[in-house]
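Chemist: dropping a prediction and its sequence here:
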Amino acid sequence: MAYHPVIAIAGLACETSTFTPSRTFAPAFHPRRGGEIIEKYPFIQPGTPLGDAAEWLGALIGHALPGGIVTRDAFESLSSEIISRLSQIVESTKLDGLWFDIHGAMCVEGIDDAEYELLKRCREVIGPKVLVSASMDLHGNVSRDLVHQTDLITCYRTAPHVDVAETKERACRNLLQLIQRQADGVELVRPYKAWVPIPILLPGEQTSTRDEPAAHIYAAVPDVEGTDGVLDAAIWVGYAWADEPRNRAVVVVTGWDKETVAQGAEKLAHLFWDSHKDFTFVAPTGSFKECLDAALASDKHPYFISDSGDNPTAGGSGDVTWGLTQLLARPEFKSESGPKVIYASVPGPEAIQKAVDAGVGAIVTVIAGAEVDDIHAGPITMTGRVHYIKYGDVHAEIEVVLQVGSVFAILTKLRKPYHHESDFTELDLAPRSADIVIVKIGYLEPGLYDMARDWMLGLTPGGVDQDLKRLGHKRIRRPMWPFDNTFEKLDLSARLIPMSNEPLSEKDE
């Protein structure tokens, strides 16, 4: 009979900008516990190959909408519960593995490298023998310490991310393979890990795998992974809107042949570096005015514009009013007969309540936005007709559409990303028949991309400003592209990281 291992699941995920004044609190993680975790992931449920091959025990996972720095209290309370639940699992059964379910770009008050800190605490409970497999976003950050404390570490291979479930399943499948090797008495249970940091820090809007050069760089990952002696290969772009020493691009290749994994890692690292001057934005860019001018002149509708500086799915606070203020100041949209524009979105709890009290069809004057991030613009005052009210959204809680002239502005009780056509149609809006759709986003998610007949990326201000140089990074390692142009001692050699049950030297990264 095949060995039936026990695998725990734990992790916290939040992509956080250090350049936005907002903070992320514990409730934002919407923590899942125990069986709730198994319900979230179909590929480990009973009746599936992975579900039947092991006993999966959920400790706690929390996935927060990207935002500002995680408060220390939030991190401590959630990590303490993870440790408590892992301790209960270890006390009740023999634990073979841990699936570390993270994003990789979580910044916590007073802690650098928060994912490593969390895993280090987990290791103190589960011990050095338990095998750990981490799954991450390719916009995460991978320090040498994090690689050391894991036995397997992998990430998405697409941006926009269409392989999320596939990546997480791969992390679990590879973990089971390691555990089975251990049960079979194979001498080399833990794979070799080759880690190469690359001095590049770029936003996702310049590194989408839909476009070159990222397309051919990521296309090489399966080839390296398919080499004899290699178990997994991964490339992290890194996260550009946090100011920490770990933030940069990284390659990690794992496998059973030391020389092969090192060669594979160096191949991918050189592919990345050789293209460092070729990365460009995924769409035509311009100031917000230039984007609006282009949209009005275009005969292609709907014309999408990214209000990218306050993108809530990149870590923006979501309540910057700069874009909506500029939009409503344009004379073209003052009349209801003007070009139809949808704008998503600005939070305003008091505005929401006033609109709800007045009801659909009422004319109201409301104030919204800039409760958290008032650096670039203050609260916006609008007078318009309440077009629609929706209750019960998982992120926004309540949404109100306010028609101001020919602009249909979406207001929310709490911030929300707008990625799907249904996000609009459920608000009695028809984005396909609109002239212009403006969304706080960076590159267009697949649903929006399919709807857009044309689009531009607005280089707007906010906590996830696409102009990295004006944000003011002070703690990243230098030199770093695109902040620097001279790299006299470029080192893209593979660092073989000791196995998790072996000590890590103090050699500088």
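Modeler: Yep, it's here. Numbering: from 1, shown residues only.
Chemist: could I get the full set of helices for the stretch 51-200 of the chain?
Modeler: With DSSP state H, counting those that start in this stretch as the criterion, the stretch 51-200 of the chain has helices at 72-92, 114-126, 144-149, 164-183.
Chemist: and of the ones you listed, who's closest to T207?
Modeler: Across the helices of the stretch 51-200 of the chain, T207 has its closest neighbour in helix 164-183 (16.9 Å, CB to CB). All C-beta atoms are positioned from the backbone trio N, CA, C, and that covers glycine.
Chemist: who are the neighbours of that closest one, in terms of helices and strands?
Modeler: strand 6-13, helix 49-53, strand 97-101, strand 131-136, strand 152-155, strand 230-236 (3 or more CB pairs under 8 Å, 6 or more residues apart in numbering; DSSP states H and E).
Chemist: other SSEs contacting the first one?
Modeler: Of the remaining helices and strands, those touching strand 6-13 by 3+ CB pairs under 8 Å, 6+ apart are strand 55-63, helix 72-92, strand 97-101, helix 114-126, helix 164-183.
Chemist: what angle do that strand and strand 131-136 make?
Modeler: 30 degrees (axes from the mean of the first three to the mean of the last three CA atoms, to 10 degrees).
Chemist: give me the sheet partners of strand 6-13 and which way each runs.
Modeler: Applying DSSP bridges, strand 6-13 is found paired with strand 55-63 (parallel), strand 97-101 (parallel).
Chemist: quick one: mean pLDDT over the last one.
Modeler: Strand 97-101 shows a mean pLDDT of 98 in the predicted model.
Chemist: gap between that strand and the chain center?
Modeler: 19 Å (CA atoms, centre = their mean, to the nearest Å).
Chemist: start at 32, not 1
Modeler: Taking 32 as the first residue, the last one we looked at is strand 128-132.
Chemist: just want the angle from it to helix 195-214.
Modeler: 160 degrees.
Chemist: what angle separates strand 128-132 from helix 145-157?
Modeler: With the same axes, to 10 degrees applied, the angle from strand 128-132 to helix 145-157 works out at 160 degrees.
Chemist: residues contacting strand 128-132, please?
Modeler: With contacts defined as CB atoms under 8 Å, 6 or more residues apart in numbering, strand 128-132 is touched by 36-42, 44, 85, 92, 117, 146, 150, 153, 157, 161-166, 181, 199, 202-203, 206-207, 209-210.
Chemist: ok, now with 7 Å
Modeler: Applying CB atoms under 7 Å, 6 or more residues apart in numbering, the external contacts of strand 128-132 come out as 36, 38-42, 92, 150, 153, 157, 161-166, 181, 199, 202-203, 206, 210.
Chemist: and for stretch 501-517?
Modeler: Counting by CB under 7 Å, 6+ apart, 50, 230-232, 274-276, 278-279, 307, 496, 499-500, 518 sit against stretch 501-517.
Chemist: need the phi and psi values for R526.
Modeler: phi -100, psi 120 (degrees, to the nearest 10).
Chemist: wait, it sits on K224?
Modeler: No. If you go by CB atoms under 7 Å, R526 and K224 don't touch, sitting 8.9 Å apart.
Chemist: the more surrounded of the two?
Modeler: Taking other CB atoms under 10 Å, R526 and K224 do not tie; K224 has more neighbours (29 against 17).
Chemist: next one, pLDDT for the more buried one please.
Modeler: pLDDT, read off for K224, is 98.
Chemist: tell me how far the residue lying closest to it once chain neighbours are set aside lies from H134.
Modeler: Distance criterion CB to CB, 6 or more residues apart in numbering; nearest residue to K224, sequence neighbours excluded, is I528 at 4.5 Å. With the distance defined as CB to CB, to the nearest Å, I528 ends up 21 Å from H134.
Chemist: next one: A190
Modeler: For A190, the distance to H134 (CB to CB) stands at 13 Å.
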